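> next input, structure requested:
(one chain, ligands or ions: 1)
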Amino acid sequence: MTVMEQQSFTELKPRVVLGIAAHPDDLDFGASGTLAMFAKQGADVHYLQLTDGGKGSADPSVTTETIIKTRQQEQMAACEAIGGVGVQFLNHPDGELEVTLALKEEIVRVIRTLKPDVVITTDPTVVYNEQTGMINHTDHRAAGQATLDAVYPLARDRLTYPRLLTEGLRPHKVKTVLLTNFSHQNYYVNVTDVMDVKLAAIKAHASQIEDYESFKQLFTDMATRLGKQAGCQYAEGFVRLDMML
Ligand SMILES: [Zn+2]
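Numbers count the residues shown, from 1 in each chain. So this is what the prediction gives:
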């Protein structure tokens, strides 16, 4: 066990949760059980999608316009499945997301509007995994980095983006960030009671799933493995940051 895994945390009881990710399906594959648990506890759960998901099809008969529309509908269905409030789409081109001040301002605008206690996003430190040969998608890294920068210090600092203040969007401190990172975790959420909901949210992304049964097996195995680490049947794991400042 690493030092990080020995860390003890208070139970999270957020009023508002905001999931921020590059593509429709990112949050549901990594965190839909946790989002469903927060919704079940009474939190308002929102999704913010940064790209349009327009590269997500290998089918030659599918156009960019069609796949964008399909994936937005799938994300909205997944949000409904977990009991979420709604999804906002920034519609940056898929595969071209960059960490810019303009993107961070768009994220700060949503953070200051919704005032989340907990933000969930993808861990930008994951570049590759030599065990699985996985290269983390450039958009996932950009989404995570821009979100961390938006949470701290940009959403918090009154004098950042003065036009937002002029619009009445006051500074907001996010209390906790949960980063999805499939190989390293210091915090687990027991999702046993909502495992069916998690699978329903994953299944909603039909355009991204060639064989649902193998997906179901993969995500059930992952939740079981994390559950063993957490001491329950099914769990999701995160790197948790409780903001001190
Ligand atoms: Zn993705």
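> in space, what's closest to whichever residue of the chain sits closest to the ion - neighbours in sequence excluded?
In the chain, the residue that lies nearest the ion is residue 23 (3.6 Å; C-beta to the ion). To be clear about C-beta, it is placed using only N, CA and C from the backbone, and glycine gets the same treatment. Closest residue to residue 23 apart from its sequence neighbours, by C-beta to C-beta, 6 or more residues apart in numbering: residue 53 at 4.8 Å.
> part of a strand, is the one you found?
No: read with DSSP: H, G, I helix; E, B strand; the rest coil, residue 53 is coil and lies in no strand.
> quick one, phi psi at it?
The phi/psi pair for residue 53 (degrees, to the nearest 10) reads phi 70, psi 20.
> cool, and residue 123?
Per-residue torsions, residue 123: phi -70, psi 110 (degrees, to the nearest 10).
> so it versus residue 109, what's the distance?
23 Å (C-beta to C-beta, to the nearest Å).
> show me which of the two is the more surrounded one.
Neighbour comparison, residue 123 and residue 109: the larger count goes to residue 123, with 23 against 19 (by other C-beta atoms under 10 Å).
> hmm, back to that, neighbours of the residue of the chain closest to the ion, how many?
Residue 23, neighbours per other C-beta under 10 Å, totals 27.
> does it belong to a helix, a strand or coil?
Residue 23 ends up coil, using three-state DSSP.
> residues contacting the closest residue to residue 129 other than its chain neighbours?
In space, not counting the residues next to it along the chain, residue 129 is nearest to residue 183; the distance is 5.9 Å by C-beta to C-beta, 6+ apart. The contact partners of residue 183, taken as C-beta atoms under 8 Å, 6 or more residues apart in numbering, are 126, 129, 131.
> take the residues you listed and lay them out in CSV including neighbour count, distance to the ion and pLDDT.
Putting the contacts of residue 183 into CSV (neighbours: other C-beta atoms under 10 Å; distance: C-beta to the ion, whole Å; pLDDT from 0 to 100) gives the following:
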residue, neighbour count, distance to the ion, pLDDT
126, 21, 12, 97
129, 12, 15, 94
131, 7, 20, 92
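> name the nearest of those residues relative to residue 66.
Among the contacts of residue 183, residue 126 lies closest to residue 66 (C-beta to C-beta), at 30.4 Å.
> test my guess that that closest one contacts residue 138.
No: counting by C-beta atoms under 8 Å, residue 138 is not a contact partner of residue 126; they are 11.6 Å apart.
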